[in-house]
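Peer 1: Kindly generate the corresponding structure for this input.
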Amino acid sequence: MRTFPTVAVLCTALSSVTRADGIAVFLDESGGMGSVVLIDPQGKLPPEFPSGLGGIRLLDLEVNGRTWLERFEPGRAWRSVDIPQAARIMLPAGQGSLYHFSRPEGGGQWTYGYFVLDEAGKARVVVDATGTGAAADQDPFLGRVAIASDGKRALVATTLDAGGNLLEVDLETATVLDRTSQVPAQSFFGQSLQLGFDWGLAVSASGIWRYEFASQLDAALLDYAGASAPTGFTGEVVLSRNAQFAAAVTGSDPSARDFWLFSKQGQALRANSQPMAISNAGWLPDTDHGPYLAVSDDGVAGAWRVEGAKREAFLAHLQFAPGASVHVTADPYFIDTLDEIGQFSFRPGLRVLQAFVGSISLPEGTIENADLYQMDLESGGALSLTNVTLTSGSNQIPFPAAAMTPDRVHWLPSEQAFVFFAEQSGGTGALAVARPGQAGLQILLNDVKELYELQPAGNEWVVFLRRSSGDKPFQAYELPQGLQASPLLVQSSLDTEAFTRFSSRDDGAVAFSQSFLTHEFLWVWNAPANQLTLLTTRELNFGSPLGVGPSGEFTFSVGSAGNPAVFARWPFPSSVKRLPLAPAPGFVLPSR
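Peer 2: The predicted structure follows:
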């Protein structure tokens, strides 16, 4: 039997729960090393240093399955790079943020772990372990994590040198359950970790492992209908929108892979009729126009991209023709110069595939001259194709090249619409909307050069973009609920005054900074009141990040990087208040 005592022992010692409603600050002590301190915003209690979070270094981390397309799906975690030289995972359902850290222990040894700063301002180490290698200074955890849709559970894995364990972590209680306690050490793929609706899964060199939340048993290997276990795996697993079904790609030969559909129980079913050069999943940060694999909410339909001289899309419907896939971008349907596909998704609750089909843009490897299409295998398996955006002007096969290049495509579930930058020729484009089942492209704003941020504002949205003519100003607009009314201009800046840091509250308040050559301004847009407020006319420099504290206040620091900073909170619409902490190098740590 193989055990993982380091996690159990250290988490018991370090998982003390700290005060609620504290605002977290990272005090930079030397060379990126520092300590987490919780500050009572009222100044009635002394600063508190959470156990195990003193003398640490904040590290980078990534969450699996991240795409621009699915960023705003309910239950999706998101990686934010607003932490200097590190990152954090913004947990879904307002559960706080997950951080990765390391801590020297003397004698050259290091401890590595994860801590949560939750929505109530409590900081706690949830899992940690001693470093590996001859000097015990290497990270024992793989660089990627999975987060449950309720934000209360994480899945992490250790390297083979650290035991090759699959660890389910309760982010509220810091309880760690080894899902491989009776399993020989595994070499897990970091990109394979996933947490479904009520189940977890991961891929190692031995196969695909899964387990159910309701059971305390170890993960077990997946069985394959009508086939022996595959001998090679890409290591990536994609989930359906409702997270009840999954798809994975197997095969040691990149040119001869298989596509499998499965759920928490039963055997996996092969969807492709013959081995193919199936693409990887298409996640950030590797590509920005994924995903390239998808599975429907009932687990019956699957779709995948195939590599080659041209990239092609295949769709399978197991109810009509198990194991018989359809080449939905074949030459009879699309002209042969259309050689790139991206942004795969199934319509919610349906077996209708949505994807952009266009041409590959080199050297970036992105997609251009693309329209959005719906692809459906109707009753009996007959293929139905619909051009949704129609910028090519044609809804007849073979479909021609389109007149736009889609970028930063976001699916907004509350609007049941895609919002994206539709780049056109001549260095200009439009902020556009496409709706499934509605033909044509709705233009919200013309004369757009780039879309670089979208923030929720209660029932509305605030978009940050740059215009393409004149002085090419940076501008912020509110997009009203329903995306039917004209966007409302929030703020405009010159071409040298970009908007940079962003943070939003559930009540529709969105904070953002306006960067000048020598200083910054901090603004809040109150969407329900259609009101813009400037913090101060003083020319200041604000440190990264700009966050939201446990009581809904915006939190930030004032001061140049590396110099002593003043830490503050802005309980908007009330006035800004300085935190009762002496100026020191460092920055705030957002809980949201």
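Peer 1: Can you name the next helix or strand after the lengthiest strand in the chain?
Peer 2: Within the chain, and with DSSP state E defining each element, the longest strand by residue count is strand 366-377. Note on strand 366-377: by DSSP states H and E, the next helix or strand toward the C-terminus is strand 383-387.
Peer 1: Just the buried positions in that following strand, please.
Peer 2: Of all the residues in strand 383-387, those buried under the rule 16 or more other Cβ atoms under 10 Å are 383, 385-387. In short, each C-beta sits where N, CA and C put it, glycine included.
Peer 1: do the same with stretch 435-443
Peer 2: Neighbour-count burial for stretch 435-443, with 16+ other Cβ under 10 Å as criterion, is recorded at 435-436, 441-442.
Peer 1: Distance from the helix or strand harbouring Arg79 to the middle of the chain?
Peer 2: Assigned by DSSP H and E, Arg79 falls within strand 78-80. Averaging C-alpha coordinates over strand 78-80 and over its chain gives two centres that are 5 Å apart (Cα atoms, centre = their mean, to the nearest Å).
Peer 1: circling back to that earlier point, who does the longest strand of the chain touch, helix- and strand-wise?
Peer 2: In this structure, strand 366-377 makes packing contacts with strand 312-317, strand 340-346, strand 353-361, strand 383-387, strand 405-412, judged by 3 or more Cβ pairs under 8 Å, 6 or more residues apart in numbering; DSSP states H and E.
Peer 1: Just checking: what are the partner strands of it?
Peer 2: Strand 366-377 has these partner strands in its sheet, going by DSSP bridges: strand 353-361 (antiparallel), strand 383-387 (antiparallel).
Peer 1: Could you tell me how many residues sit around the residue lying closest to Ser551 once chain neighbours are set aside?
Peer 2: Take Ser551 and drop its neighbours on the chain: the residue closest to it by Cβ to Cβ, 6 or more residues apart in numbering is Asp21, 5.8 Å away. Using other Cβ atoms under 10 Å, Asp21 has 14 other residues around it.
Peer 1: do you know how far Asp21 is from Pro571?
Peer 2: If you measure Asp21 against Pro571 using Cβ to Cβ, to the nearest Å, the figure is 12 Å.
Peer 1: what do these two both touch?
Peer 2: Ser551 (Cβ atoms under 8 Å, 6 or more residues apart in numbering).
Peer 1: what about the helices in the stretch 101-250 of the chain?
Peer 2: Along the stretch 101-250 of the chain, no segments are classed as helices by DSSP state H, counting those that start in this stretch.
Peer 1: Flag the shaky bits of it, pLDDT-wise.
Peer 2: By pLDDT under 70, the stretch 101-250 of the chain contains no weakly predicted segment.
Peer 1: Now do the end-to-end distance for stretch 240-253.
Peer 2: Using Cα to Cα, to the nearest Å, the gap from the first to the last residue of stretch 240-253 comes to 26 Å.
Peer 1: please renumber so the chain begins at 51
Peer 2: Got it, first residue is 51 now, which makes that one stretch 290-303.
Peer 1: what's the next secondary structure element after the helix or strand of the chain with the lowest mean pLDDT?
Peer 2: Among the helical and strand segments of the chain, the one scoring lowest on mean pLDDT, DSSP states H and E is helix 55-64, with a mean of 35. Sequence order places strand 73-80 as the next helix or strand after helix 55-64, per DSSP H and E.
Peer 1: Just checking: what are the partner strands of that following strand?
Peer 2: Strand 73-80 has its sheet partners listed here by DSSP bridges as strand 83-89 (antiparallel), strand 636-639 (antiparallel).
Peer 1: Am I right that Ala578 is in a helix?
Peer 2: Rather than Ala, residue 578 is Pro. Yes - the assignment for Pro578 by DSSP: H, G, I helix; E, B strand; the rest coil puts it in a helix.
Peer 1: Burial check on the closest residue to Ser409 other than its chain neighbours, number of neighbours?
Peer 2: By the measure of Cβ to Cβ, 6+ apart, the closest residue to Ser409 outside its immediate chain neighbours is Asn419, 4.7 Å from it. Asn419 has 23 neighbours, counted by other Cβ under 10 Å.
Peer 1: Surely Asn419 touches Gly408?
Peer 2: Yes - the pair Asn419 and Gly408 passes the contact test of Cβ atoms under 8 Å, sitting 4.6 Å apart.
Peer 1: anything in contact with each of the two?
Peer 2: When contacts are counted by Cβ under 8 Å, 6+ apart, the set common to Asn419 and Gly408 consists of 388, 451-452, 455.
Peer 1: between these, which is closest to Asp338?
Peer 2: For Asp338, the nearest member of the shared contacts of Asn419 and Gly408 is Thr455. The distance, counting by Cβ to Cβ, is 12.2 Å.
Peer 1: ok, now how distant is Gln315 from Ser265?
Peer 2: 11 Å.
Peer 1: More neighbours: the two, which one.
Peer 2: Between Gln315 and Ser265, counted using other Cβ under 10 Å, the more crowded position is Ser265 (11 against 8).
Peer 1: The longest strand of the chain to strand 362-367, inter-axis angle?
Peer 2: 20 degrees (axes from the mean of the first three to the mean of the last three Cα atoms, to 10 degrees).
Peer 1: one step back: can you check the pLDDT for the residue nearest to Ser601?
Peer 2: Asp71 is assigned a predicted lDDT (pLDDT) of 75.
Peer 1: repeat for Ser65
Peer 2: In the predicted model, Ser65 carries a pLDDT score of 37.
Peer 1: try Phe54
Peer 2: On pLDDT, Phe54 comes in at 43.
Peer 1: same question, Pro91
Peer 2: pLDDT recorded at Pro91 is 90.
Peer 1: just checking, it touches Ser601?
Peer 2: Yes - the pair Pro91 / Ser601 is scored as a contact, 7.3 Å apart, by Cβ under 8 Å.
Peer 1: which residues sit in contact with Leu639?
Peer 2: Leu639 is in contact with 74-76, 86, 133, 138, 147, 149, 167, 595, 597, counting by Cβ under 8 Å, 6+ apart.
Peer 1: TSV please, covering those and showing distance to Ser543 and neighbour count.
Peer 2: Below are the contacts of Leu639 laid out as TSV (distance: Cβ to Cβ, whole Å; neighbours: other Cβ atoms under 10 Å):
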residue	distance to Ser543	neighbour count
Ala74	31	28
Val75	29	24
Phe76	29	23
Val86	34	24
Ile133	25	21
Arg138	27	25
Ser147	29	26
Tyr149	32	27
Leu167	32	30
Pro595	20	22
Gly597	22	28
